[in-house]
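Asker: Structure for the following, please:
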Amino acid sequence: MKQTRPIVWGIAIIALGVIFGGNALGLFNFDIFFDGWWTLFIIIPSAISLVTEKEKLSSLGFLIAGVILLLAAQKVFDYDVAWKAILAVFLIIAGTTIIIKSVFRSKNDQEVAKKIKEAEKEDKPMDSQIAVFSGSDRVYNDEVFQGAFLTAVFGGVNLNLKKAKFEKDTIIKAFTLFGGIDIVVPDDVKVKLKSGFIFGGLSDERKNATEKGKYTIYIDAAGGFGGITITDKEDK
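Answerer: So this is what the prediction gives:
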């Protein structure tokens, strides 16, 4: 899907260029500045995400919202009705997402949830990073990592474990709301992920993921209108 995404965006940009060029040359007259043209900034990215992203429901929700706003701009119905309809759509999709993730839990999700509960019962001290309308950065340099709680609300959290030391399996509980969390993991440590998002998502961008590491990081990622990224590459 990562290869499909730029292709779809490329086609969309080419189509826009053809429209502008055709209008300028008088080949046709396609007015893109119609009533509600601004809704295309919602509709087009949502439609592309619906094709390229794994998380379909959130993209579908924004696509439907864009279409509803377009119809309101075209005076098919009032904006008051449009906003109520959009709220209804988001509530239905949010509820559906919760039900699907609860009923169809994979063995991997069950394993991660079990490890998280076991670690919490041990009641051992773990690092805590909280960013509310702010940012938080933590880099481990030859330090032992024993687990972490990460929270980003309208902010960003960065946890760099590339040079961390591991003495046992560890857990990370990460939650974001209208924010972002980046976690850099070592190449020689296994990572098992469990996610639960409403209008957001977990992105695993590791290039050298291994299944032969001695230790495992169990990551429970959740949130809404935000994203959490797992990578093994440090920003230069």
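
Asker: At the geometric centre of this structure, which residue sits there?
Answerer: residue 201 (2.5 Å; C-alpha atoms, centre = their mean).

Asker: Residue 195 is in contact with that residue, correct?
Answerer: Yes: using C-beta atoms under 8 Å, residue 201 is in contact with residue 195, at 7.2 Å. C-beta: built from backbone N, CA, C; applies to glycine.

Asker: Now the common contact residues for these two.
Answerer: residue 228 (C-beta atoms under 8 Å, 6 or more residues apart in numbering).

Asker: Retrieve the pLDDT associated with the residue nearest to the centre of the chain.
Answerer: On pLDDT, residue 201 comes in at 76.

Asker: gap between it and residue 11?
Answerer: Residue 201 sits 23 Å away from residue 11, taking C-beta to C-beta, to the nearest Å as the criterion.

Asker: What does the pLDDT read for the residue nearest to residue 81 when sequence neighbours are not counted?
Answerer: Excluding the flanking residues, the one nearest residue 81 by C-beta to C-beta, 6 or more residues apart in numbering is residue 72, at 7.4 Å. Looking at residue 72, its pLDDT stands at 92.

Asker: let's number from 872 now, not from 1
Answerer: New numbering, starting at 872: the last item is residue 943.

Asker: Could you tell me how many residues sit around residue 943?
Answerer: 21 (other C-beta atoms under 10 Å).

Asker: Residue 989 too?
Answerer: Using other C-beta under 10 Å: residue 989 sits among 12 other residues.

Asker: cool, the one 10 residues further on as well?
Answerer: Residue 999: 13 surrounding residues under other C-beta under 10 Å.

Asker: Let's verify it: helix, strand, or coil?
Answerer: When classified by DSSP: H, G, I helix; E, B strand; the rest coil, residue 999 comes out as strand.

Asker: any low-confidence regions in the chain?
Answerer: Along the chain, segments meeting pLDDT under 70 span 872-880, 901-903, 923-926, 969, 971-980, 994, 1070, 1080-1081, 1106-1107.

Asker: Can you give me the domain boundaries for it?
Answerer: 875-974, 978-1102 (automatic domain parsing).

Asker: Just checking the distance from the longest one to the centre of its chain.
Answerer: Relative to the chain's own centre, domain 978-1102 is displaced by 14 Å; criterion: C-alpha atoms, centre = their mean, to the nearest Å.

Asker: With the shortest one instead?
Answerer: Using C-alpha atoms, centre = their mean, we find the averaged C-alpha position of domain 875-974 to lie 18 Å away from the chain's own average C-alpha position.

Asker: Let me see the ranges of the helices in the protein.
Answerer: For the chain, the helices defined by DSSP state H cover 875-896, 911-923, 927-944, 950-974, 978-993.

Asker: and the angle for the last one with helix 950-974?
Answerer: Helix 978-993 and helix 950-974 are oriented at 80 degrees to each other (axes from the mean of the first three to the mean of the last three C-alpha atoms, to 10 degrees).

Asker: hmm, who's touching helix 978-993?
Answerer: With C-beta under 8 Å, 6+ apart, helix 978-993 has contacts from 976, 1018, 1040, 1041, 1042, 1044, 1063, 1064, 1065, 1089, 1090, 1091.

Asker: what about the fourth one, how many residues close to it?
Answerer: Applying other C-beta under 10 Å, we find 22 residues neighbouring residue 1041.

Asker: Now it: closest residue in space, sequence neighbours ignored.
Answerer: Counting by C-beta to C-beta, 6+ apart, the residue nearest residue 1041 is residue 1018, at 4.5 Å.

Asker: phi, psi of the residue of the chain most remote from its centre?
Answerer: What lies farthest from the middle of the chain is residue 897; by C-alpha atoms, centre = their mean that is 42.4 Å. Here is the backbone geometry of residue 897 (degrees, to the nearest 10): phi 80, psi 20.
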